[in-house]
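Undergrad: missing the sequence, but the structure's below:
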């Protein structure tokens, strides 16, 4: 298992339960990195605990959010198996919130009824990670190894037989033999300057899969959350926490002139009580346009203000959260916060079948690393459900293969990656850390929430230039812990994945879901109700269209 967030831990537990011996490797601490541990919102599943429900209702809402591009096989897996995984986590003592002896279910945007479970407003993601870590602590068949940055998948006769890694603390090359490999490395939001995820989510899994011969799908669809926290500094809290505040208390978006501007962009979204609450897409657009016009807040976003709400009402609605904010020096009754659109989730990812296997035999994926289930936009609450369901399915499938496949490992399979690490040299090169920042700025400005042919072509040119500057030979600065080499390896992945986003975005001449083209503002069902597939051919990215997702292994 490569990656030890929610999906990776779940996959490891399921693989062990199926009888396999498991290595769970992560570049950070086990269960402490990735997106799951940072999540503070809700988890969608058609439990029917408080309101009658069925997984097909959940599926209908998921498909609607995906704007015609969901792989229905994968979306159905999430919705049908979701309730079982929520109840399994309940049996593992996660502590889902309860009301009248039922698991409590909340309403979330895009759902036709209350369907989302949670632990509490601040702790759902941390509780998920803690529960899975506790289960791992009681397991004997999962070996957990941190500080391993996987460099490449090892291949023998076109099949995945292990991986090669860099041990971050010593700088040593490490080879891992395996009969099956599962990628659970999360998404790519680190490609953008402002993001809501861990710093290690730079798309590593996508790059590993591409270089191994797998395909990616729907890479142009990056979800931006409109009111991510920007300033003042917020420690230990989710940067996307402001949505419930905004909806429940009628938070006002103000520009740098302290003028409310929502009404300038969406009179059709005016509520019956006279308060403007923009949809997420429109809120992102409105804030971006105010900043472009020179009316942004000091940190480059907008103000979110609750100063019109009585202090007692703020505390009644979000009591313990108010205390956490106070510890960060934030008093909502007296000061606004600054918010901005931030990269939050990636709908695209590795193309898999219903066993979560790629077109490379023995190579699987799970969690946010998988593409296809969400189509053009993800339904609120589906991310952690997806981590559970896909983690369990990938772990079980990989275990079955491992238990029924002969060991095909050879040292030769790892040689290309080992040789790459050994070729690292001290040489004149661009500042790697500065190049990462340049890449993030380029993607944010040219391939962010709103795109055009001109901006995307600038992104292509910038990425090509950075690729030439970074070069094909690793850069080293030390014999042991080597941050320069780590940055070079990160850039190697990030540049490949960034191109895998920008090229399909340039090709898709319409606006659909999270992909918004200012030069093609409308939906084009006739030409663009298609998925775009990305593959690597002789070192170059190829993009092709697939009008529908075929069933089974023949599809990939």
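TA: Sure thing, it's come through. The shown structure was predicted, so the numbers you read here are calculated from the model rather than taken from an experiment. Numbers count the residues shown, from 1 in each chain.
Undergrad: who's in contact with residue 144?
TA: 4, 24, 30, 136 (Cβ atoms under 8 Å, 6 or more residues apart in numbering). No exception for glycine: its C-beta is placed from N, CA and C like everyone else's.
Undergrad: Which strand or helix spans the third one?
TA: In this structure, residue 30 is located outside every helix and strand according to DSSP states H and E.
Undergrad: quick one: it and residue 368, what's the gap?
TA: 18 Å (Cβ to Cβ, to the nearest Å).
Undergrad: When these two are compared, which one has more neighbours?
TA: Legend: neighbour count by other Cβ atoms under 10 Å for residue 30 and residue 368, higher for residue 368 (33 against 21).
Undergrad: Check whether the more buried one really touches residue 386, as I assumed.
TA: Yes. Contact criterion Cβ atoms under 8 Å: residue 368 and residue 386 qualify, at 7.2 Å.
Undergrad: Give me the common contacts of these two.
TA: Joint contacts of residue 368 and residue 386 (Cβ under 8 Å, 6+ apart) are residue 7.
Undergrad: Phi, psi for residue 106 please.
TA: phi -110, psi 160 (degrees, to the nearest 10).
Undergrad: Return the residues in contact with it.
TA: Listed by Cβ under 8 Å, 6+ apart, the contact partners of residue 106 are 42, 114, 116, 117, 118.
Undergrad: Pull up the per-residue confidence for the first one.
TA: What it means is residue 42. Reported pLDDT at residue 42 in the predicted model: 86.
Undergrad: out of everything not next to it in sequence, what's closest to it?
TA: residue 116 (3.5 Å; Cβ to Cβ, 6 or more residues apart in numbering).
Undergrad: For the one helix or strand residue 312 maps to, enumerate the helices and strands it packs against.
TA: Assessed by DSSP H and E, residue 312 sits inside helix 311-327. For helix 311-327, the helices and strands in contact under the criterion 3 or more Cβ pairs under 8 Å, 6 or more residues apart in numbering; DSSP states H and E are helix 242-249.
Undergrad: quick one: the helix it packs on to helix 311-327, angle?
TA: Calculated by axes from the mean of the first three to the mean of the last three Cα atoms, to 10 degrees, helix 242-249 forms an angle of 170 degrees with helix 311-327.
Undergrad: now helix 242-249, how far from the centre of its chain.
TA: 23 Å (Cα atoms, centre = their mean, to the nearest Å).
Undergrad: do the same with stretch 522-530
TA: 25 Å.
Undergrad: Surely residue 225 is in a strand?
TA: Yes. Under DSSP: H, G, I helix; E, B strand; the rest coil, residue 225 sits within a strand.
Undergrad: can I assume it is in contact with residue 283?
TA: No. Using Cβ under 8 Å, residue 225 is not in contact with residue 283; the gap is 9.3 Å.
Undergrad: between these two, what contacts are shared?
TA: Joint contacts of residue 225 and residue 283 (Cβ under 8 Å, 6+ apart) do not exist.
Undergrad: related to what we said a few turns ago, just the ones of the contacts of residue 144 in strands?
TA: residue 24 (DSSP state E).
Undergrad: Make TSV from the contacts of residue 144 and add distance to residue 333 to it.
TA: What follows is these, written out as TSV (distance: Cβ to Cβ, whole Å):
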residue	distance to residue 333
4	40
24	45
30	40
136	42
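Undergrad: what's the domain layout of this protein?
TA: Segmentation of the chain into domains, based on automatic domain parsing, reads 6-221+344-415, 226-342, 423-528.
Undergrad: so which of these comes closest to residue 535?
TA: Ranking the domains of the chain by their distance to residue 535 (criterion: Cβ to Cβ) puts domain 6-221+344-415 first, at 5.0 Å.
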